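A.B. asks: Sequence and computational prediction follow.
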Amino acid sequence: MISRTRRAAAALAVVAVASTAAGCGIAPTGVRDGGEPAVGFRPSVRLYFVSGARLRAVTRPIPSLTLKETLDLLLDGPSADERERGLRTDLITGVHGPLKLSAGRARVLITLPPPQPTPTRAPELFPTDDTRPDLSKGQLTCTAAGAVAARENIDPDAVTVVFRQGEGGRTESFHCSEFPRG
């Protein structure tokens, strides 16, 4: 008579052999190339230019910039390659004086140069053509909001961008979502 311990050991051996013989159902393969290794986060800056009647984001692989450097890059306009893809700027270059900036966690204040009195009036930053939406403010709003949001790790639409015309002048505030994008 076989002892209970031997029967249990024999049953366990049968189960082990059966499991090994069954395999896992995956056929063996040779070595496969997995491609390039992951690189993680690549620093970049996002600028907004105009395409048709909408804002279009452009990501440039540039290490993190300050808000001023980001907006200066925007004011330089689209690159030759971006212009070939149909992107343009509605911002008028050659404004008379620099933008003054201040930023907090979820707010940006952009103080625009005061308009020059006529007749020697210099071009303003924003065009006055009422036949199209004012995407120039959208370009600044979305670019500034994106720069602050990236720095603060928040949603860009949580950032309010306030424009003030000259020191103590009238103010307007915007969120990026107020402008058509696509």
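C.D. replies: Structure received.
A.B. asks: switch to C-alpha atoms for all contacts and neighbour counts from now on
C.D. replies: OK.
A.B. asks: Quick one, grab the pLDDT at R83.
C.D. replies: Predicted confidence (pLDDT) at R83: the value is 96.
A.B. asks: part of a helix, is T70?
C.D. replies: Yes - assessed with DSSP: H, G, I helix; E, B strand; the rest coil, T70 lies in a helix.
A.B. asks: Next, count neighbours for it.
C.D. replies: 20 (other C-alpha atoms under 10 Å).
A.B. asks: That one and R4: what is the separation?
C.D. replies: 80 Å (C-alpha to C-alpha, to the nearest Å).
A.B. asks: Just say helix, strand or coil for the closest residue to Y48 other than its chain neighbours.
C.D. replies: Nearest-residue entry for Y48: A57, 4.5 Å, with adjacent residues in sequence omitted and distances by C-alpha to C-alpha, 6 or more residues apart in numbering. Secondary structure for A57, judged by three-state DSSP, is strand.
A.B. asks: need the contact list for A57.
C.D. replies: Counting by C-alpha atoms under 8 Å, 6 or more residues apart in numbering, A57 makes contact with R46, L47, Y48, F49.
A.B. asks: quick one, strands of this structure?
C.D. replies: 45-51, 54-60, 100-103, 107-112, 160-165, 171-174 (DSSP state E).
A.B. asks: buried stuff in the second one?
C.D. replies: The neighbour-count check on strand 54-60 (16 or more other C-alpha atoms under 10 Å) flags R54, L55, R56, A57, V58 as buried.
A.B. asks: Thank you kindly, that will do.
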